[in-house]
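K.L.:
need a structure here:
(6 chains)
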There are 4 protein chains.
Amino acid sequence: MSQQHMSPPKRRGRPPNQLAQARILKAAHDILTEDGFGRLTVEAVAARSGVGKPTIYRQWANASELAMAALMSGDPGIIAGGGTSLRSALTGQMRSLIQAFATTRGRQIAMTLAAADPESEFTKAFRNQVILSSREAGRALLLEAAARGELVLQQDLEVLLDMIYGPVFYRLLVGHRSLDTGFADSIVAIALEAVAARADG
Amino acid sequence: MSQQHMSPPKRRGRPPNQLAQARILKAAHDILTEDGFGRLTVEAVAARSGVGKPTIYRQWANASELAMAALMSGDPGIIAGGGTSLRSALTGQMRSLIQAFATTRGRQIAMTLAAADPESEFTKAFRNQVILSSREAGRALLLEAAARGELVLQQDLEVLLDMIYGPVFYRLLVGHRSLDTGFADSIVAIALEAVAARADG
Amino acid sequence: MSQQHMSPPKRRGRPPNQLAQARILKAAHDILTEDGFGRLTVEAVAARSGVGKPTIYRQWANASELAMAALMSGDPGIIAGGGTSLRSALTGQMRSLIQAFATTRGRQIAMTLAAADPESEFTKAFRNQVILSSREAGRALLLEAAARGELVLQQDLEVLLDMIYGPVFYRLLVGHRSLDTGFADSIVAIALEAVAARADG
Amino acid sequence: MSQQHMSPPKRRGRPPNQLAQARILKAAHDILTEDGFGRLTVEAVAARSGVGKPTIYRQWANASELAMAALMSGDPGIIAGGGTSLRSALTGQMRSLIQAFATTRGRQIAMTLAAADPESEFTKAFRNQVILSSREAGRALLLEAAARGELVLQQDLEVLLDMIYGPVFYRLLVGHRSLDTGFADSIVAIALEAVAARADG
DNA sequence: ATATAAACGAGACGGTACGTCCCGTCTTTCG
DNA sequence: CGAAAGACGGGACGTACCGTCTCGTTTATAT
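P.N.:
All right, here's what the predicted structure looks like:
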């Protein structure tokens, strides 16, 4: 009869057990926070979640993908802080980004990304959702400000975004200096000076 | 006590085989370029170099350190290109840096760093020699230019350096956009505009 | 097991699909001849026959029973060759038995029997139909000959039968010598000499 | 097992740990007697013996070979009973053979042999040492008796041996009748009557 | 006609064991 | 006495099947 609008595909066999998936992600997340990325093995997750290994492998190709899924599952996403001006909005976002990444989690995210197959679809989703979502939010802030006439953006917006968000991962990966709120503020300050200079010129 | 006259200590027994170290590094380097970081195991290096595993473990604590050693051994170091102005010198350096990292090697360096124990002395040496040497060279260029009066640097030089060199590793790690010479030029351009604006202010 | 002439209970619901059973046995038989006993898994049979696993498990408890069913389904049964004398009849039967077992099938039968639960009803049926049917036919031949006065049988007929048919499975299992028609003839010759000697005494 | 007086080849590396091998065989033997052939997995043996799985796989290709090794390790070998006449010697040997095989061990031996790769060198050794050693002892007894003039052997000695020893494995594998001393006696009686008849003719 | 019910295909489930790879340590013999 | 060779206990890998359990889909009898 009428399929309405949302037609679920209604596959034939027994459907995946949603509870099992949740338990897997919970166990993976716990191992990640308690023991670190190096201990996140498929075997350990299976043992901890009370799930068979094949059930894990049905969904994720290896421990890296599982780690990414676990890191994504608890991630609320970095939302642009609702400031009134570009500077305050951007500063708010950078501060919360850095706060979220300054913990062990940040380094785990970097390690996971480094270990993952860069071509995998899963990796791309992780990249977009966890790594680049803040960058996209920043892009939106900059474009809105440009639309308001606060600044003039030229063709190298991509590079500008990389110069704002790249340093966070740089410090995370290399560890030569700490991540703190002052770092967030300084990045925004320098970036806005560059844009302002350009707007002036 | 007294070392007498003999300058070499002349320890008893068979001396360490210098050639073995070279063969180990050669094998590690070859595996790295042919099979990638994931295949660089102590076992594989021992087999390929015809050296016993204990001989490797005597010098390096694990495969990560060995990878770092291999990556360091062939590294000529990024030297600041000898331009006349700050812009040309910095652009030259960034171009050669990006050229050196755009290949598979760049990602291997990032993976190695992510996998390594961040506290180990070996990792610190690797970080300084391979990752931060370019940053230090950039610092020198900026300080020289400031000494020449080309610009005025204030207290956030560290952040500025991170905004110049961080984006390279950001793209390397995340892979959302390519590394090319245009990227190098744009980074330098934006960075100098920020400094100029500040100098103006 | 089967209620042939009883009024069919006409249970409600969909009746078992006869075709499915045939396809399962066909697939099991094909796998057995193509890939061997070790590859006869319930999973493989289900995949090859296009039948769900539960459909198989509804009829057979495990892969061993399925193997036995497949081996029984194609089995014409060893019938005593219709010779005029005991010697010719027995020789004919032994020859055809050995011919039937000299192929891969013989070893598969031995392996299946070894792997099966010796207490299971299914195993007993297999044993009687596939393994012991020839022995029973031989018993009939001997008893007929005794009735005709050709020989005198005493109380150890069971042992005599084992000495006639046991060597076939012995060579099959151990593989120290080949199964051929000469073997059949020699067994009959020795057995008859033993019986004749006894008849004389 | 050990070649005592042979000049040792003096291989380079660390020699195999004899204790580990012994512990593996002990564990395999215990599992075999306690849980049966079906539970003799490499994993279980490794866990029980406190040995790594690769240490087992270095010596045996799979669980079947390990089972054969365990069955061989505790086997004293069937020695011909020292009777004065052929009949008493053969009867003694058959009785002890049947006594040794009437337990669970006998069926395990049959199952192991059925499951093993018949071409493997290991299987051949097992066959010779465990299965055929009694047959060879019987051959010796018969040949000695022939040399003493007790009987005349003709060309089908191989078949005669199979008719003596085959029935034991036949009953073991098929399980249609029990193994007991009466069975041993009857086999010898019938076999000797066959030989005697032949000698008379 | 319409329930009702059984058997179907599909396929995910919790498990067990597989055989392999590599770890980092150790023990032995050779140079 | 260091270096090579190589076995060791250990841990995780990713795969194959096990036998069980939902599912949604036929296909039949019974209302």
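
K.L.:
And what about the residue in chain A that DNA strand E sits nearest to, helix, strand or coil?
P.N.:
Closest to DNA strand E within chain A is residue A:13: 1.9 Å, counting by CB to the nearest atom of the strand. Using the backbone N, CA and C atoms, a C-beta is placed for each residue, glycine as well. Using DSSP: H, G, I helix; E, B strand; the rest coil, the structure places residue A:13 in coil.

K.L.:
Need the phi and psi values for it.
P.N.:
Main-chain torsions, residue A:13, degrees, to the nearest 10: phi -70, psi -170.

K.L.:
From chain D, how far off is it?
P.N.:
Going from residue A:13 to chain D by CB to the nearest CB, to the nearest Å gives 30 Å.

K.L.:
So what's the residue count around that residue?
P.N.:
Other residues near residue A:13 number 6, with proximity taken as other CB atoms under 10 Å in any protein chain shown.

K.L.:
What separation do you get for residue A:114 and residue B:64?
P.N.:
Going from residue A:114 to residue B:64 by CB to CB, to the nearest Å gives 12 Å.

K.L.:
what touches both of these two?
P.N.:
residue B:115 (CB atoms under 8 Å, 6 or more residues apart in numbering or on different chains).

K.L.:
so where do the helices sit in chain A?
P.N.:
For chain A, the helices defined by DSSP state H cover A:18-34, A:42-49, A:53-57, A:63-73, A:86-101, A:104-115, A:121-126, A:133-147, A:157-174, A:181-200.

K.L.:
So which bits of the first one are buried?
P.N.:
By neighbour count on 16 or more other CB atoms under 10 Å in any protein chain shown, the buried set for helix A:18-34 is A:20, A:21, A:23, A:24, A:25, A:26, A:27, A:28, A:29, A:31, A:32.

K.L.:
do the third one as well
P.N.:
Within helix A:53-57, the residues that qualify as buried by neighbour count (16+ other CB under 10 Å) are A:55, A:56.

K.L.:
Pull up the gap between the spatially most central residue of chain A and residue B:172, please.
P.N.:
Nearest residue to the geometric centre of chain A (CA atoms, centre = their mean): residue A:130, 1.2 Å. Here residue A:130 is placed at a distance of 17 Å from residue B:172 (CB to CB).

K.L.:
Residue A:25 now?
P.N.:
Using CB to CB, residue A:25 is found at 29 Å from residue B:172.

K.L.:
Equivalent analysis for residue A:52, please.
P.N.:
With the distance defined as CB to CB, residue A:52 ends up 37 Å from residue B:172.

K.L.:
Give me the neighbour count for residue A:135.
P.N.:
21.

K.L.:
Find the nearest non-adjacent residue to it, please.
P.N.:
In space, residue A:135 comes closest to residue A:165 once its chain neighbours are excluded; the distance is 4.8 Å by CB to CB, 6 or more residues apart in numbering or on different chains.

K.L.:
thought that neighbour was touching residue A:136?
P.N.:
No: counting by CB atoms under 8 Å, residue A:165 sits too far from residue A:136 to count as a contact (9.9 Å).

K.L.:
ok, now which ones touch residue A:180?
P.N.:
Applying CB under 8 Å, 6+ apart, one finds that residue A:180 lies in contact with A:98, A:102.

K.L.:
where does chain A have its least confident helix or strand?
P.N.:
Ranked by mean pLDDT, DSSP states H and E, the helix or strand of chain A with the weakest confidence is helix A:181-200, at a mean of 86.

K.L.:
Kindly report the residues of chain A close to DNA strand E.
P.N.:
Taking CB under 7 Å from any atom of the strand as the measure of proximity, chain A contacts DNA strand E at A:11-17, A:20-21, A:23, A:50-55, A:58-59.

K.L.:
now do 10 Å
P.N.:
Listed as neighbours of DNA strand E in chain A under the rule CB under 10 Å from any atom of the strand: A:11-21, A:23-24, A:43, A:46-47, A:49-59.

K.L.:
what domains does the record give for chain A?
P.N.:
A:18-73, A:86-200 (automatic domain parsing).

K.L.:
Compare the ones you listed and say which comes out lowest on pLDDT.
P.N.:
Note on these: domain A:86-200 shows the lowest mean pLDDT, a mean of 91.

K.L.:
where's residue A:113 relative to chain D, distance?
P.N.:
Distance, residue A:113 to chain D, by CB to the nearest CB: 33 Å.

K.L.:
ok, back up a step: more neighbours: which of residue A:52 and residue B:172?
P.N.:
Counted by other CB under 10 Å, residue A:52 and residue B:172 do not tie: residue B:172 has more neighbours, with 22 against 11.

K.L.:
residues touching that one, list them.
P.N.:
B:101, B:106, B:107, B:109, B:110, B:179.

K.L.:
Within reach of chain A, which of these are there?
P.N.:
Near chain A, judged by CB under 8 Å from any CB of the partner chain, the entries from these are B:107, B:110.

K.L.:
Buried ones among the contacts of residue B:172?
P.N.:
B:101, B:106, B:107, B:109, B:110, B:179.

K.L.:
Touching, the fourth one and residue B:129? I think so.
P.N.:
Spelled out, it's residue B:109. No: at 11.1 Å, residue B:109 does not count as touching residue B:129 under the criterion of CB under 8 Å.
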